[in-house]
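**Student:** only geometry, no sequence info:
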């Protein structure tokens, strides 16, 4: 099943189990990002991503400059292992990770979680590509992807017992964007949707990377 179809099917099933008042809170949070023009400030094609180092579960660090010295790549920002849409997307990448490797394009996922949570996600979803821990969301923040959840939505998430990491500022999450970088650290494509239930398919991302980087 295509990623878009799988996400839509999950969303329709999930919404069918949620009452109207709760749906209104969830939908209002997404709509407020759109109405406020949040997407206009997100990093665009031609912008550069500053070098960074982030921890991986094996005790090593992922260095952007080191990775780019070997080839172009894709950075996938996701909300956390508690997010079912993110898990569906990550598993979709896993299904074709060999195609990325054959194309010489590396893939890195970044989550605003600690290493223990990331380790649990990797093991549960049987993922073989690296996922970096960035609890402060330094990388996502540098691309203007981070936003604060409204208090009524935070209350819902707490009610549901979702294992979301907090900061002193409450709960902040990244827009689940997918960024393609050339070896000069320039963004050649940035796929994102302020509706977190919608994602670009890994195959489309790979095809775009091959076209834009050739």
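**Tutor:** Arrived safely. Just so it is clear, the structure is predicted and the values come from calculations on it, not from any experiment.
**Student:** which positions in stretch 21-34 come out as buried?
**Tutor:** By neighbour count on 16 or more other C-beta atoms under 10 Å, the buried set for stretch 21-34 is 22, 26, 29, 33. For glycine as for every other residue, the C-beta is placed from the backbone atoms N, C-alpha and C.
**Student:** on the pLDDT front, check the last one for me.
**Tutor:** On the pLDDT scale, residue 33 is placed at 95.
**Student:** for residue 125, the count of nearby residues, please.
**Tutor:** 17 (other C-beta atoms under 10 Å).
**Student:** what's the lowest-mean-pLDDT helix or strand in the chain in contact with?
**Tutor:** Least confident helix or strand of the chain, by mean pLDDT, DSSP states H and E, is helix 151-160 with a mean of 92. The set of residues external to helix 151-160 that reach it, using C-beta atoms under 8 Å, 6 or more residues apart in numbering, is 22, 25, 26, 29, 149, 164, 170, 171.
**Student:** nearest to residue 90, of these?
**Tutor:** Proximity of these to residue 90 (C-beta to C-beta) peaks at residue 164, which lies at 16.7 Å.
**Student:** max-length helix in this protein?
**Tutor:** In the chain, taking DSSP state H as the definition, the longest helix is helix 20-35.
**Student:** how many degrees apart are that helix and helix 151-160 in direction?
**Tutor:** With axes from the mean of the first three to the mean of the last three C-alpha atoms, to 10 degrees applied, the angle from helix 20-35 to helix 151-160 works out at 130 degrees.
**Student:** can you show me the strands along this protein?
**Tutor:** Secondary structure of the chain (DSSP state E): strands at 53-55, 61-63, 73-77, 106-111, 131-133, 146-148, 172-174, 178-181, 187-191.
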